[in-house]
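>>> Any chance you could fold what I've pasted below:
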Amino acid sequence: MTDFAIGDIQGCYDRLRAVLDKVGFSPSRDCLWVAGDLINRGPSSLETLRYLESLGSATRVVLGNHDLHLLAVALGGHPPRKKDTLAEILDAPDHHRLIDWLRRQSLCVHDPDRRLFMAHAGLPHIWSVDQATSLARELEAVIQGSDAEEYFTHMYGNEPACWDDRLTGMLRWRSITNYFTRMRFIAGDGTLELDTKESVGAAPGGYSPWFQFPRREEITVLFGHWAALEGKTGSERFIGLDTGCVWGGALTIMNLDSGERIHCDC
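Just a heads-up that it's a prediction; the model follows:
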């Protein structure tokens, strides 16, 4: 059995199948860790979602901002955006089953034996692994529960910009969401800067990439979300898997046993 981790697929189904064939992935034997943004912007979001759902226990999926956006359109009454490629999912005869499956996915995956942690946008230095995992489970319960409609109706927004343990209700849920699925640049006190999407050199004054802050815990963090990095963080402890497939870059898959990264040009 081999565990593989893959970056943002974003509906690029053909490239997904091509890179899985390249590494000889078999769902009867292997497991695929998916770093979020399964769908949207690419040409085959419905096929991608159906395929990943069909893998069952052979996947460990975390939700990305595009995945949550689909749920917000389906459950929170938000209109699709101009560049979305979600209509084929929303119009599909099996869309209720697919939406339900997506709601049941995680915000983070932690493998303590291998000291691996995966979340779509990463792991802020202000949270320990245990705290991050606890907060993820808290928000997952909201997404899967009776408060889901309220959550998805009011999910969007940049405030509060800084985590506070005393936050409650929607402000708390939105803050957790933004750290797990939208974070790139962050200040020393944990304040997020959510407007800048360029690479490391574009850091606004007083902010740095989240992975440049030291961590006490020995943990390797897998993440997607930040295509402008082209997978380069300068550290083997922080592994960027989003190499911009949907933007004409590459789809990257990593063998978690050997550390080898394999790319499929897009």
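>>> what's the spacing between Ala228 and Lys82?
To Lys82, Ala228 is 21 Å away according to Cβ to Cβ, to the nearest Å. (C-beta placed from N, C-alpha, C; glycine too.)
>>> Of these two, which one has the most company?
Ala228 (18 against 5; other Cβ atoms under 10 Å).
>>> Would you mind giving the secondary structure of that one?
Taken by DSSP: H, G, I helix; E, B strand; the rest coil, the conformation at Ala228 corresponds to helix.
>>> Report the contact partners of the closest residue to it other than its chain neighbours.
Counting by Cβ to Cβ, 6 or more residues apart in numbering, Ala228 lies nearest to Ser199, which is 4.2 Å off, once chain neighbours are set aside. By Cβ atoms under 8 Å, 6 or more residues apart in numbering, Ser199 lies in contact with 226, 228-230.
>>> pLDDT wise, what is Ser199 at?
As summarised for this prediction, Ser199 has a pLDDT of 95.
>>> So it versus Leu229, what's the distance?
6 Å.
>>> What of Leu107?
21 Å.
>>> quick revisit: quick one: which of the contacts of Ser199 has the most company?
Most surrounded of the contacts of Ser199: other Cβ under 10 Å gives Trp226, at 29 neighbours.
>>> Leu241 is in contact with that one, correct?
No. Counting by Cβ atoms under 8 Å, Trp226 sits too far from Leu241 to count as a contact (9.6 Å).
>>> what comes into contact with stretch 131-149?
Contacts of stretch 131-149 (Cβ under 8 Å, 6+ apart): 63, 71, 75-76, 103-104, 106-108, 110, 117, 119, 123-124, 127, 151, 173, 176-177, 180.
>>> try it again with 6 Å
75, 103, 107-108, 110, 123, 151, 173, 176 (Cβ atoms under 6 Å, 6 or more residues apart in numbering).
>>> again with stretch 92-103
By Cβ under 6 Å, 6+ apart, stretch 92-103 touches 46, 49, 53, 74, 89, 143-144.
>>> Quickly find the element holding Val73.
helix 65-75 (DSSP states H and E).
>>> What about Ala114, how many residues nearby?
Just so we're on the same page, residue 114 is Arg rather than Ala. With other Cβ under 10 Å as criterion, Arg114 counts 12.
>>> next one: Val109
By the criterion of other Cβ under 10 Å, Val109 has 20 neighbours.
>>> and if you look at the one 4 residues further on?
Using other Cβ under 10 Å, Asp113 has 5 neighbouring residues.
>>> again, but for the one 10 residues further on
Leu123 is surrounded by 27 other residues when neighbours are defined as other Cβ under 10 Å.
>>> Which residue comes closest to the residue most central in space within the chain once chain neighbours are left out?
Nearest residue to the geometric centre of the chain (Cα atoms, centre = their mean): His120, 2.5 Å. Leaving out its chain neighbours, the residue that sits closest to His120 by Cβ to Cβ, 6+ apart is Gly36, at 3.2 Å.
>>> mind listing what that neighbour touches?
Per Cβ under 6 Å, 6+ apart, neighbours of Gly36: 62-64, 120, 224.
>>> Now with 8 Å, please.
By Cβ under 8 Å, 6+ apart, the neighbours of Gly36 are 8, 61-67, 119-121, 181, 224-225.
>>> Can you show me the helices along the stretch 1-150 of the chain?
13-23, 45-54, 65-75, 87-90, 95-103, 129-144, 148-153 (DSSP state H, counting those that start in this stretch).
>>> Now do the strands in the protein.
Using DSSP state E, the strands of the chain run over 3-6, 31-34, 59-61, 108-111, 116-119, 185-186, 192-193, 208-209, 220-223, 238-240, 250-255, 261-265.
>>> Dump those to a markdown table, plus mean pLDDT and distance to Arg97.
Shown next, in a markdown table, are the strands of the chain (pLDDT from 0 to 100; distance: least, Cβ to Cβ, whole Å):
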| stretch | mean pLDDT | distance to Arg97 |
| --- | --- | --- |
| strand 3-6 | 98 | 23 |
| strand 31-34 | 98 | 18 |
| strand 59-61 | 98 | 15 |
| strand 108-111 | 98 | 23 |
| strand 116-119 | 98 | 25 |
| strand 185-186 | 98 | 37 |
| strand 192-193 | 98 | 34 |
| strand 208-209 | 98 | 38 |
| strand 220-223 | 98 | 28 |
| strand 238-240 | 98 | 32 |
| strand 250-255 | 97 | 26 |
| strand 261-265 | 91 | 28 |
